[in-house]
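**Q** Need coordinates for the following:
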Amino acid sequence: MSSESVRPATGPARRTVIAAAGAAGAVVALTACGSDDGDSGSATSTGSVLAKTSDIPEGGGKVFADAGVVVTQPAAGEFKAFSSTCTHQGCTVKDIADDIIHCPCHLSEFSATDGSVKKGPATKPLPAKKITVEGGNITLV
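**A** Numbers count the residues shown, from 1 in each chain. A predicted model of the protein is given here:
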């Protein structure tokens, strides 16, 4: 008989358990970066109506996290759309007030008019998204 130790074939190897635990932790960590207010819209595909124009307040906006877009109304009847992903570390922006889009993670602020950085740590603007406004509906193109 050999003096080598033999591992029983019952259950997964320790390395497998540790790798699975690490992957589960990463999923939890990524989920924590999203919006938690429950008012982030529903899954929307390109070409689908995001909202009614009446849903977007003047000087404010609404985050549609599932569609990856934030829609603003910087002036009456003027609608803009930007990526809802902060350019600093990828958190989802949270809200829009007084023509400023706020990121809750590190407090970056962006212009609701053109997506430019108003306050860091972000250094790059939010990329514009294409929308159409027709018949009181806002559609992601």
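**Q** When you work out contacts or count neighbours from here on, use the C-alpha atoms and nothing else.
**A** Noted.
**Q** Next one, pLDDT for Cys105 please.
**A** pLDDT for Cys105: 92.
**Q** what about the residue lying closest to it once chain neighbours are set aside, neighbour count?
**A** Nearest non-adjacent residue to Cys105, counting by Cα to Cα, 6 or more residues apart in numbering: Cys91, 6.5 Å away. Neighbour count of Cys91, defined by other Cα atoms under 10 Å: 19.
**Q** Cys91 against Ser108, yeah?
**A** No - taking Cα atoms under 8 Å as the definition, Cys91 is not a contact partner of Ser108, at 10.3 Å.
**Q** State the number of residues packed around the closest residue to Leu140 other than its chain neighbours.
**A** Nearest residue to Leu140, sequence neighbours excluded (Cα to Cα, 6+ apart): Ile131, at 4.5 Å. Neighbour count for Ile131, taken as other Cα under 10 Å: 21.
**Q** One more: Pro104?
**A** Neighbours of Pro104 (other Cα under 10 Å): 17.
**Q** cool, Asp98 as well?
**A** Around Asp98 there are 12 residues (other Cα under 10 Å).
**Q** Just give the nearest non-adjacent residue to it, would you?
**A** Gly59 (5.3 Å).
**Q** hang on, the one you found packs against Asp95?
**A** No - at 11.6 Å, Gly59 does not count as touching Asp95 under the criterion of Cα under 8 Å.
**Q** so Lys130 touches Val141, yeah?
**A** Yes - here Lys130 reaches Val141: they are 5.4 Å apart, a contact under Cα under 8 Å.
**Q** residues of stretch 122-137 that come out buried?
**A** Residues of stretch 122-137 classed as buried: Ala122, Pro125, Leu126, Pro127, Ala128, Lys129, Ile131, Val133, Asn137 (neighbour count, 16 or more other Cα atoms under 10 Å).
**Q** Quick check: bridge partners of the last one?
**A** To tie it back to what came earlier, the one meant is Asn137. Beta-bridge pairing of Asn137 under DSSP bridges involves Lys52, Glu134.
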